[in-house]
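K.L.:
give me the fold of what follows.
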Amino acid sequence: MTHVVVIGAGQAGSSLVAKLRNSGFDGQITLMGEEAVPPYQRPPLSKKYLLGDMELERLYLRPESFYSENNIDLRLGARVTAVDAGAKTISIGEEETLAYDELVLTTGSSPRRLPAAIGGTLEGVHVVRDLKDVDAMAPDCVEGRRVLIVGGGYIGLEAAAVAASRGLDVTVVEMADRILQRVASPQTSDFFRDLHEAHGVKILEGVGLKEITGEGRVSGATLSDDTKLDLDFVIVGVGIMPATELAEMAGVTLDNGISTDAQGRTSVDHIWAAGDCASFPYQGGRIRLESVPNAIDQAEIVAQNIMGAEKEYLATPWFWSDQYDTKLQIAGLNTGYDNVVTRAGDEGSVSFWYYKGDTLVAVDAMNAPRDYMIAKRLIEAGKSPSPEVVVAPETNMKALLKA
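P.N.:
Now for the predicted structure:
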């Protein structure tokens with residue numbers, strides 16, 4: 001009987017084992033998770049869960065009973081310490097060894113942390129990644145407290161939105177010239193800067209963090225321009241790194257994460273990877289996507305390929321971000337864009353359409369779900385309406401799909 005072992009009980013791992021069973025796989029399945037709770041959604045952690053609008057059980061991707069009912073051995077609180085690809089075994093803790101026939105690494109990613117030398121290990125310095133991070137942060141999120149958010153990407157801005165909504169005094173520092181500089185156009189940056197400032201958030205761009213100060217616990221910070229801030233706590237949102245330690249132990253090739261082929265196989269026989277940790281072929285290069293849709297879609301393809309389907313993963317990137325009452329939906333990848341046009345909608349909705357030459361490559365849609373859905377379908381179909389048509393108020397957007 002084939003034994004599939006999946007290391008990493010997040011969105012990708014949970015999706016993969018469910019797809020195996022739903023596809024008729026009748027072998028042994030073991031899903032390993034370091035946390036003590038069943039696989040859960042991460043996006044609501046720093047939003048509805050932190051705000052108290054969602055209970056823990058509602059975070060679960062599937063009821064805990066799902067795993068036992070489907071004969072999936074869910075091992076919680078289990079830390080895998082080694083992988084021996086030659087023997088096809090993994091080590092759990094210091095005493096247990098488990099054999100596998102097929103091993104899948106869905107190890108996800110870990111947040112970048114600030115160095116201890118600048119106060120990164122002081123009490124009250126938080127990251128936003130898993131349940132324990134948000135539970136540790138919750139007691140600090142009290143109305144009137146002062147928080148510094150380091151990093152003006154989507155993680156930092158989502159944290160800022162929640163903190164401001166709870167009545168905290170919020171300052172965001174972004175070392176780059178503008179927030180979202182790495183991932184979005186100046187137009188999108190301007191939109192979210194205005195949104196946050198309208199909610200009382202102070203955004204400082206082109207300013208870095210020199211050090212966090214305090215005796216044991218955060219009490220302040222000094223910025224790169226020598227500005228000093230009095231603080232109660234700090235949230236660090238400066239990106240994430242793919243979790244590749246176990247892949248390295250197994251001798252797997254790394255390339256911006258765990259390198260896989262189009263079907264999810266790594267360079268080592270019988271070892272696969274999916275989700276945030278995995279990079280894969282995309283449009284003549286390689287890419288690693290940090291998103292829920294990618295984790296689900298890629299994991300399900302790997303599950304099918306373990307069963308012999310030989311399917312290639314054809315990514316159709318899409319993302320979202322919720323900040324205050326604004327839902328940002330992103331279709332495509334804006335890498336290499338050279339033109340952005342704006343389509344204004346009703347009641348403050350807007351979408352920014354990214355072009356590379358004459359080709360539509362991505363769209364950022366703010367409270368404009370119809371623009372997003374149409375753009376997504378256009379990009380997937382390889383269709384590129386002219387910028388002039390897109391921005392014209394009289395354009396029938398649905399008709400673009402039939403053009």
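K.L.:
just checking, what packs against the helix or strand of the chain with the lowest mean pLDDT?
P.N.:
Lowest on mean pLDDT, DSSP states H and E among the helices and strands of the chain sits helix 50-51, with a mean of 86. Contacts defined by 3 or more Cβ pairs under 8 Å, 6 or more residues apart in numbering; DSSP states H and E place helix 50-51 against helix 154-165. From N, CA and C alone the C-beta is placed, and that goes for glycine too.
K.L.:
kindly recompute the last result at 10 Å.
P.N.:
helix 131-137, helix 154-165 (3 or more Cβ pairs under 10 Å, 6 or more residues apart in numbering; DSSP states H and E).
K.L.:
residues in contact with that helix?
P.N.:
Outside helix 50-51, the residues that touch it by Cβ atoms under 10 Å, 6 or more residues apart in numbering are 44, 128, 134-135, 137-138, 141, 158-159, 162-163, 165-166.
K.L.:
any buried residues in the longest helix along the chain, and which?
P.N.:
Ranked by residue count, the top helix of the chain under DSSP state H comes out as helix 292-306. Neighbour counts over helix 292-306 (16 or more other Cβ atoms under 10 Å) mark 292, 294-306 as buried.
K.L.:
want to throw those residues into CSV with pLDDT and distance to Tyr372?
P.N.:
Converted to CSV, the buried residues of helix 292-306 look like this (pLDDT from 0 to 100; distance: Cβ to Cβ, whole Å):
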residue, pLDDT, distance to Tyr372
Val292, 95, 16
Asn294, 96, 17
Ala295, 97, 20
Ile296, 97, 18
Asp297, 97, 18
Gln298, 98, 22
Ala299, 98, 24
Glu300, 98, 23
Ile301, 98, 24
Val302, 98, 28
Ala303, 98, 28
Gln304, 98, 28
Asn305, 98, 30
Ile306, 98, 33
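K.L.:
all strands for the stretch 1-150 of the chain, in order.
P.N.:
For the stretch 1-150 of the chain, the strands defined by DSSP state E, counting those that start in this stretch occupy 3-7, 28-32, 72-75, 80-84, 89-92, 96-99, 102-105, 109-111, 125-127, 146-150.
K.L.:
how about the third one: buried residues?
P.N.:
The reference is to strand 72-75. 72, 74-75.
K.L.:
picking up where we left off before, tell me the most buried of the strands of the stretch 1-150 of the chain?
P.N.:
Highest mean neighbour count of these: strand 102-105, a mean of 27 (counted as mean count of other Cβ atoms under 10 Å).
K.L.:
and that strand, what does it pack onto?
P.N.:
Using 3+ Cβ pairs under 10 Å, 6+ apart: strand 102-105 touches strand 3-7, helix 11-22, strand 28-32, strand 80-84, helix 245-249, strand 271-273, helix 292-306.
K.L.:
show me what it pairs with in its sheet, parallel or antiparallel.
P.N.:
strand 3-7 (parallel), strand 271-273 (parallel) (DSSP bridges).
K.L.:
right, and out of the contacts of helix 50-51, which lies closest to Gly239?
P.N.:
Nearest to Gly239 among the contacts of helix 50-51 is Val128, at 11.5 Å by Cβ to Cβ.
K.L.:
need the contact list for the closest one.
P.N.:
By Cβ under 10 Å, 6+ apart, the contact list for Val128 reads 42, 45-46, 50, 111, 134, 137, 149, 155-156, 158-159, 162, 235-237, 240.
K.L.:
so for it, what's the pLDDT?
P.N.:
On the pLDDT scale, Val128 is placed at 92.
K.L.:
spatially nearest residue to it, not counting backbone neighbours?
P.N.:
Nearest residue to Val128, sequence neighbours excluded (Cβ to Cβ, 6 or more residues apart in numbering): Ser46, at 4.8 Å.
K.L.:
isn't that neighbour right next to Ile149, touching?
P.N.:
No. Using Cβ atoms under 10 Å, Ser46 is not in contact with Ile149, being 11.2 Å away.
K.L.:
dihedrals phi and psi, the nearest residue to Leu400 once chain neighbours are set aside?
P.N.:
Excluding the flanking residues, the one nearest Leu400 by Cβ to Cβ, 6+ apart is Pro385, at 4.8 Å. Backbone torsions of Pro385, given as degrees, to the nearest 10, read phi -60, psi 150.
K.L.:
so Pro385 touches Met397, yeah?
P.N.:
Yes. Applying Cβ under 10 Å, one finds Pro385 in contact with Met397, separated by 8.9 Å.
K.L.:
can you list residues touching both of those two?
P.N.:
374-375, 378.
K.L.:
got a winner among the residues you listed for most neighbours?
P.N.:
Neighbour count (other Cβ atoms under 10 Å) singles out Ala375 as the most crowded of the shared contacts of Pro385 and Met397, with 30 neighbours.
K.L.:
next, the buried residues of the helix or strand containing that one.
P.N.:
According to DSSP states H and E, Ala375 maps onto helix 369-381. Of the residues in helix 369-381, 371-376, 378-379 count as buried by neighbour count, 16+ other Cβ under 10 Å.
K.L.:
low-confidence stretches in the stretch 51-200 of the chain?
P.N.:
Judged against pLDDT under 70, the stretch 51-200 of the chain has no low-scoring part.
K.L.:
which stretches of the stretch 251-400 of the chain form strands?
P.N.:
According to DSSP E, counting those that start in this stretch, the strands that the stretch 251-400 of the chain contains are 258-259, 271-273, 278-282, 285-287, 318-323, 326-332, 339-344, 350-356, 359-366.
K.L.:
got the angle for the last one vs strand 326-332?
P.N.:
Spelled out, that is strand 359-366. Relative orientation of strand 359-366 and strand 326-332, computed by axes from the mean of the first three to the mean of the last three Cα atoms, to 10 degrees: 170 degrees.
K.L.:
okay, the angle between strand 359-366 and strand 339-344?
P.N.:
Strand 359-366 runs at 40 degrees relative to strand 339-344, counting by the same axes, to 10 degrees.
K.L.:
direction included, what does strand 359-366 pair up with?
P.N.:
With DSSP bridges as the test, strand 359-366 is paired with strand 326-332 (antiparallel), strand 350-356 (antiparallel).
K.L.:
over to the fourth one?
P.N.:
Strand 285-287 has the following strand partners under DSSP bridges: strand 278-282 (antiparallel).
K.L.:
avg pLDDT for the partner strand?
P.N.:
97.
K.L.:
understood, closing this out.
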